[in-house]
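Engineer: With the sequence up front, the predicted model follows.
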Amino acid sequence: MKSLITTLCLATVLFTQAQNSIDLLTISGRYGFPQAYDAPFQNEKATETGAMINLKIPIKLSEKSIWFSNFTYTNYSVNKNFAVASEDAVMKPIGLNAFILQTGLVQRIDENRAFQLLFVPRFMTDFVAPTGKSWQFGGIALYEQTFNQNLTMRFGAMYNQELAGPFVVPLIDINWKISSRWSITGLAPIYLKVNYKVSERFVCGFSHFGLVTSYYLTDPNYLGDYMERTSIDLGLFGRWKMLGNWHLEGRIGYALGRNYEQYAADEKIDFRISIIKIGDHRGPPKNVAFGDGPIASLRLVYSLPLP
């Protein structure tokens, strides 16, 4: 076990120059407080729950190269769902599952520069009758520049063939140790944390997470439709080092722009760059939206300190 941890340390240090640690395993649960639907179901409320498991595995290939794999499983559930029109068949209740793998090469050019090329297959399904049409394929490319011992940044983009159409997100990854207590980490615009180190065992701060995902639906009543989920989660967090490398992190915040929108298979977007849609040929979604609202989550994290 000790030799495995040493190997992981040597591998991760190749591409985490400004980091003090890497979260190898994360297990989390999420709860969205009940919120009312739009008219004509404003007297009904939706409750959103979720779960996530994330595992990172870096494998050292050489003194300057590693093969990096990042596996994530997520589940989102909504206890109710209503159709806009009586003839519309919609997913009720909502249950969405994602299996996402990021895997590829991290290559260091020299002491201050590196790049990452990752292949990103996704299996996005309702699990009613899983099919090959649930697969999506994309990739991530990042160029890394270390400016000093306290600041490393990566610049690049993510591409995915969403069910609505091609989707590109420009990316800026930042790892900035501002002072002995303050730091900023994250991959904007997907996730970001502003950290304040209260003590050696407790860190708190601000967190952001936002991403568009789509899921292929396989129920015979609406076979071929897809559900597009959008949410921007803003909140505060506290992270406590419990025992060894195990941490417990709690978050409380607010979900903005949260939508679960069901569309027919032929309703497409020509191209999307982040939040900008080019050629959106979709009509109104088949289902009724529910409101933004407070969210809470709890995470168990195994974080490996780096030398």
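Structural biologist: Done, it's in.
Engineer: which helices and strands sit right next to the helix or strand residue 105 falls within?
Structural biologist: Element membership for residue 105, per DSSP states H and E: strand 94-108. Under the contact criterion of 3 or more Cβ pairs under 8 Å, 6 or more residues apart in numbering; DSSP states H and E, strand 94-108 touches strand 65-78, strand 113-125, strand 135-148, strand 202-216, strand 226-243. The C-beta positions use only the backbone N, C-alpha and C, and glycine is treated the same way.
Engineer: tell me the angle of it relative to strand 113-125?
Structural biologist: With axes from the mean of the first three to the mean of the last three Cα atoms, to 10 degrees as the basis, strand 94-108 and strand 113-125 are set at 160 degrees to each other.
Engineer: so strand 94-108 versus strand 65-78, what angle?
Structural biologist: Using the same axes, to 10 degrees: strand 94-108 against strand 65-78 is 170 degrees.
Engineer: Off-centre distance for strand 94-108?
Structural biologist: Centre-to-centre, strand 94-108 and its host chain are 9 Å apart (Cα atoms, centre = their mean, to the nearest Å).
Engineer: Could you check the pLDDT of the nearest residue to residue 95 once chain neighbours are set aside?
Structural biologist: Ranked by Cβ to Cβ, 6 or more residues apart in numbering and with sequence neighbours excluded, the top spatial neighbour of residue 95 is residue 77, at 5.1 Å. On pLDDT, residue 77 comes in at 97.
Engineer: gap between residue 227 and residue 32?
Structural biologist: According to Cβ to Cβ, to the nearest Å, residue 227 stands 16 Å off from residue 32.
Engineer: In terms of neighbours, single out the busier of these two.
Structural biologist: residue 227 (29 against 24; other Cβ atoms under 10 Å).
Engineer: returning to that earlier point: could I get the helices and strands packed on strand 94-108 in a markdown table, plus columns for distance to residue 162?
Structural biologist: Formatted as a markdown table, those follow (distance: least, Cβ to Cβ, whole Å):
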| stretch | distance to residue 162 |
| --- | --- |
| strand 65-78 | 16 |
| strand 113-125 | 9 |
| strand 135-148 | 7 |
| strand 202-216 | 5 |
| strand 226-243 | 8 |
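Engineer: Residue 92: which of those strands is closest?
Structural biologist: Closest approach to residue 92 among the helices and strands packed on strand 94-108 (Cβ to Cβ): strand 65-78, 8.9 Å.
Engineer: close enough to count as contact, the residue nearest to residue 95 and residue 94?
Structural biologist: Yes - proximity of residue 77 to residue 94 meets the contact threshold set by Cβ atoms under 8 Å, at 6.3 Å.
Engineer: who's more crowded, the two?
Structural biologist: In this view residue 77 and residue 94 are compared by other Cβ under 10 Å, and residue 94 has more residues nearby, 22 against 16.
Engineer: Thank you kindly, that will do.
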